[in-house]
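Participant: this one's sequence-less:
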């Protein structure tokens with residue numbers, strides 16, 4: 001018999017660390033996360049972001065993003081960042097004009113301008129979320145896009161570990177009686193740190209489904225059941241004939 005892991009699932013936890021300057025972000029051609037950097041489409045330069053976002057030194061932005069959207073991880077969030085000027089609208093983010101109100105806001109420090117941050121999800125359209133003092137759109141870190149690209153890169157190279165296979169009876173099946181099968185990830189399988197710069201992830205791989213071949217010519221079984229011991233297990237097979245199978 002053979003139990004083969006079919007798919008791997010990823011769980012990543014996002015941690016903000018080592019914030020980079022806006023100059024460093026824009027110098028990286030993948031900092032804007034265009035399609036040639038892993039398939040995501042946020043445009044950092046234009047103030048267009050997707051998913052989770054953060055601003056170094058302003059933890060409230062990531063906190064707000066973490067609770068926004070209608071899907072986990074702000075999965076359907078689209079953010080628009082525009083200069084806080086009367087004539088600028090989130091409906092036309094590519095047609096913005098600078099103004100004294102934004103450049104000289106008393107709320108902001110030197111070399112900062114006042115921006116407005118808008119959110120669109122399946123439930124809302126261009127809802128004003130916050131006003132932010134920024135040195136530019138490069139101050140916003142596209143956490144969700146960076147993480148998605150990192151996970152995609154990780155999965156291209158990762159090799160799933162062999163699973164621990166247990167059978168009952170432990171020394172071979174008894175002809176005519178159901179044998180119980182179960183698989184578990186190895187005990188030493190641990191979350192792996194990945195990424196770097198402003199965003200690091202902790203990635204854990206787990207099996208999500210299995211292909212079982214029993215070795216006796218019977219039908220291949222595809223299941224998401226990892227099996228359990230007798231008498232609760234439902235992943236069983238009964239061998240009609242004695243023999244040595246692999």
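Facilitator: Looks like it arrived, so ask away. What you see is a predicted model, and the numbers here were worked out from it, not measured in a lab. Numbers count the residues shown, from 1 in each chain.
Participant: Can you pull out the low-pLDDT segments for the protein?
Facilitator: For the chain, applying pLDDT under 70 flags the ranges 1-42, 246.
Participant: Now do the buried residues in stretch 96-104.
Facilitator: 96, 99, 102 (16 or more other Cβ atoms under 10 Å). C-beta: built from backbone N, CA, C; applies to glycine.
Participant: wouldn't the second one be in contact with residue 83 here?
Facilitator: Yep, that's residue 99 we're talking about. Yes - in this structure, residue 99 is within contact of residue 83 by Cβ atoms under 8 Å, at 6.9 Å.
Participant: re earlier: from the buried residues of stretch 96-104, which single one is nearest residue 217?
Facilitator: Distance to residue 217 across those (Cβ to Cβ) is lowest for residue 96, with 68.2 Å.
Participant: how close does that closest one get to residue 104?
Facilitator: Residue 96 is 17 Å from residue 104, where distance means Cβ to Cβ, to the nearest Å.
Participant: And residue 150, by the same measure?
Facilitator: In this view, residue 150 and residue 104 are 39 Å apart by Cβ to Cβ.
Participant: Now do the helices in the chain.
Facilitator: With helices called from DSSP state H, the chain shows them at 22-27, 59-66, 100-103, 143-157.
Participant: Minimum distance to residue 51: which of those has it?
Facilitator: Nearest to residue 51, of all the helices of the chain, is helix 143-157, at 2.1 Å by Cβ to Cβ.
Participant: Report all helices and strands that the closest one contacts.
Facilitator: With contacts taken as 3 or more Cβ pairs under 8 Å, 6 or more residues apart in numbering; DSSP states H and E, helix 143-157 sits against strand 8-16, strand 48-50, strand 192-196, strand 199-207.
Participant: Recalculate using a threshold of 6 Å.
Facilitator: Applying 3 or more Cβ pairs under 6 Å, 6 or more residues apart in numbering; DSSP states H and E, we find helix 143-157 packed against strand 8-16, strand 192-196, strand 199-207.
Participant: on that earlier part again, okay, the helices of the chain, which one's buried deepest?
Facilitator: helix 143-157 (a mean of 19; mean count of other Cβ atoms under 10 Å).
Participant: That one: how far from the chain's middle?
Facilitator: Centroid separation for helix 143-157 versus its chain: 7 Å, with Cα atoms, centre = their mean, to the nearest Å.
Participant: and residue 53, what is it in contact with?
Facilitator: 65, 79, 140, 142, 143 (Cβ atoms under 6 Å, 6 or more residues apart in numbering).
Participant: Distance check, the third one against residue 44.
Facilitator: Meaning residue 140. 7 Å.
Participant: Could you do the last one as well?
Facilitator: Relative to residue 44, residue 143 is positioned 12 Å away (criterion: Cβ to Cβ).
Participant: just the second one next, same as before
Facilitator: Distance, residue 79 to residue 44, using Cβ to Cβ: 11 Å.
Participant: between those two, what contacts are shared?
Facilitator: Counting by Cβ under 6 Å, 6+ apart, residue 79 and residue 44 have no contacts in common.
Participant: okay, which residue is most central for this structure?
Facilitator: residue 148 (5.0 Å; Cα atoms, centre = their mean).
Participant: Report the beta-bridge partner residues of residue 117.
Facilitator: Residues in a beta bridge with residue 117, per DSSP bridges, are residue 81, residue 130.
Participant: Verify the contact between it and residue 128 for me.
Facilitator: No - look at residue 117 against residue 128 with Cβ atoms under 6 Å: they stay out of range, at 7.5 Å.
Participant: Please say which of these two ends up with more neighbours.
Facilitator: residue 117 (25 against 10; other Cβ atoms under 10 Å).
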